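A.B. asks: this one's structure only:
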Ligand SMILES: Nc1ncnc2c1ncn2[C@@H]1O[C@H](COP(=O)(O)OP(=O)(O)OP(=O)(O)O)[C@@H](O)[C@H]1O
Ligand SMILES: N[C@@H](CCO)C(=O)O
């Protein structure tokens, strides 16, 4: 049996709407992402298990992982032997942590390995983005590529190989807090303005290009000062109960940045020390998350999607 883990990710990474994303690795070593198991079988079978499987209790046809299996069988590897595919759904749906991307990426990575198809990086990313785009109300790569490749990725159709890794400082800690309620990505995209003024478009390009160049040259403190999101945050914060309060409270506890992870409602902070990250996490546990929510202090996951040793 093959088992593939695909990590959660922060879409947009504040400055790069639809263009920048980072994969997450909790400090405590827990698996914050989905796992897909593939084993040989007498005929194709699909199962969804795990803590969030109950939120995908409809027919298999509605599950992205099953749709990816069907597509792979019909269009990529028709001669692949029959498989039993199990999605271990470990991330909440509509979380802003790239939950749908995790299922899609883990499934295609596992099937690509099982069938020895050796698809190129571009072909795999394109397949993954097709399926992510089906449910999220727009085609974007900023969960798919960090989830697949790890690290912080500048990612778009026009980027060579769809992704370029951007360096990050070792010192940054990322506190993520999922408040315990869902926000559908398509709904969070629908509240955004359909057009930007020339001034706003130019400013977005200036901010993102300066940010990436500063990160690339190790000028991390200056890069951090550019982390603002005029594109999505002003329109989405009203959809996320408690976000405005957190944006005020957390900088006083040492957060250098408070922003929305992907389409929300998960929030993330950047802190320079573990002590500051712990203070922010404590505040978020007390003030932002309900009984269904959770928080983690993370570093970036530099491995991306990978095979797990048997028995994990
Ligand atoms: N395996 C799956 N994982 C997640 N969502 C799935 C899956 N299969 C089907 N879906 C459906 O896809 C939709 C995903 O919604 P949405 O894009 O808001 O979630 P998300 O991926 O968690 O968001 P985000 O990318 O902001 O983290 C839901 O309607 C959900 O029912
Ligand atoms: N870039 C996407 C990420 C979705 O998680 C958005 O903000 O809509």
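C.D. replies: That came through fine. Since the model is a prediction, treat every value here as computed from it, not as a measurement. Residues are numbered from 1 along each chain as shown. Ligands and ions are numbered 1, 2, ... in the order given.
A.B. asks: quick one: average confidence on stretch 168-182?
C.D. replies: Averaging pLDDT along stretch 168-182 gives 97.
A.B. asks: buried ones in that stretch?
C.D. replies: Using 16 or more other CB atoms under 10 Å as the test for burial, stretch 168-182 gives 168, 172-179, 182. Backbone N, C-alpha and C define where each C-beta goes, glycine included.
A.B. asks: what's the answer for stretch 132-141, then?
C.D. replies: Applying 16+ other CB under 10 Å to stretch 132-141 flags 132-133, 135-137, 140-141 as buried.
A.B. asks: picking that back up, let me have the buried residues of stretch 168-182 in CSV, extended by distance to residue 114.
C.D. replies: Formatted as CSV, those follow (distance: CB to CB, whole Å):
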residue, distance to residue 114
168, 32
172, 36
173, 36
174, 32
175, 36
176, 31
177, 36
178, 31
179, 37
182, 31
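A.B. asks: give me every residue in the stretch 1-150 of the chain lying close to ligand 2.
C.D. replies: 11-12, 18, 96, 98, 136, 140, 142-143 (CB under 6 Å from any ligand atom).
A.B. asks: if we go to 8 Å?
C.D. replies: Within the stretch 1-150 of the chain, the positions near ligand 2 by CB under 8 Å from any ligand atom are 11-12, 17-18, 21, 96-98, 101, 136-138, 140, 142-143.
A.B. asks: which residue ranges of the stretch 201-312 of the chain form helices?
C.D. replies: Using DSSP state H, counting those that start in this stretch, the helices of the stretch 201-312 of the chain run over 220-225, 233-236, 243-252, 274-287.
A.B. asks: ligand 1 is nearest to which of those helices?
C.D. replies: The stretch from the helices of the stretch 201-312 of the chain with the least distance to ligand 1 (CB to the nearest ligand atom) is helix 233-236; that distance is 10.7 Å.
A.B. asks: residues in contact with that closest one?
C.D. replies: Residues from elsewhere that reach helix 233-236 (CB atoms under 8 Å, 6 or more residues apart in numbering): 14, 188, 191-193, 259-260, 263-264.
A.B. asks: recalculate using a threshold of 10 Å.
C.D. replies: If you take CB atoms under 10 Å, 6 or more residues apart in numbering as the criterion, helix 233-236 is touched by 12, 14, 17, 96, 183, 187-193, 229, 240, 243, 247, 258-260, 262-265.
A.B. asks: ok, the residue in the chain that ligand 2 sits nearest to - contacts?
C.D. replies: Of all residues in the chain, residue 262 sits closest to ligand 2, with a separation of 2.6 Å (CB to the nearest ligand atom). By CB under 10 Å, 6+ apart, the contact set of residue 262 is 8-13, 21, 95-99, 101, 136, 140, 142-143, 183, 185, 188, 232, 236, 268.
A.B. asks: that older thread, buried subset of the residues of the stretch 1-150 of the chain next to ligand 2?
C.D. replies: The neighbour-count test (16+ other CB under 10 Å) marks 11-12, 17-18, 21, 96-98, 101, 136-137, 140, 142-143 as buried among these.
A.B. asks: residue 62: which of the residues you listed is nearest?
C.D. replies: Residue 62 lies nearest to residue 136 out of these, by CB to CB, at 15.1 Å.
A.B. asks: got the contact list for residue 37?
C.D. replies: 1-4, 47, 49, 83-88, 106, 110, 308.
A.B. asks: helices - which of those residues land there?
C.D. replies: In this view, the contacts of residue 37 that belong to helices under DSSP state H are 106, 110.
A.B. asks: near ligand 1 too, which of the contacts of residue 37?
C.D. replies: residue 87.
A.B. asks: narrow the contacts of residue 37 to those in strands?
C.D. replies: Here DSSP state E is the test, and the contacts of residue 37 give 2-4, 47, 49, 83-88 as lying in strands.
A.B. asks: on that earlier part again, would you list the buried residues of stretch 132-141 in JSON lines and tack on pLDDT and secondary structure?
C.D. replies: Listed next are the buried residues of stretch 132-141 as JSON lines, based on pLDDT from 0 to 100; DSSP: H, G, I helix; E, B strand; the rest coil:
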{"residue": "132", "pLDDT": "86", "secondary structure": "helix"}
{"residue": "133", "pLDDT": "84", "secondary structure": "helix"}
{"residue": "135", "pLDDT": "80", "secondary structure": "helix"}
{"residue": "136", "pLDDT": "75", "secondary structure": "helix"}
{"residue": "137", "pLDDT": "69", "secondary structure": "coil"}
{"residue": "140", "pLDDT": "93", "secondary structure": "coil"}
{"residue": "141", "pLDDT": "96", "secondary structure": "coil"}
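A.B. asks: picking that back up, okay if I get the helices of the stretch 201-312 of the chain as TSV plus mean pLDDT and mean neighbour count?
C.D. replies: Listed next are these as TSV, based on pLDDT from 0 to 100; neighbours: other CB atoms under 10 Å:
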stretch	mean pLDDT	mean neighbour count
helix 220-225	98	15
helix 233-236	97	17
helix 243-252	98	16
helix 274-287	98	18
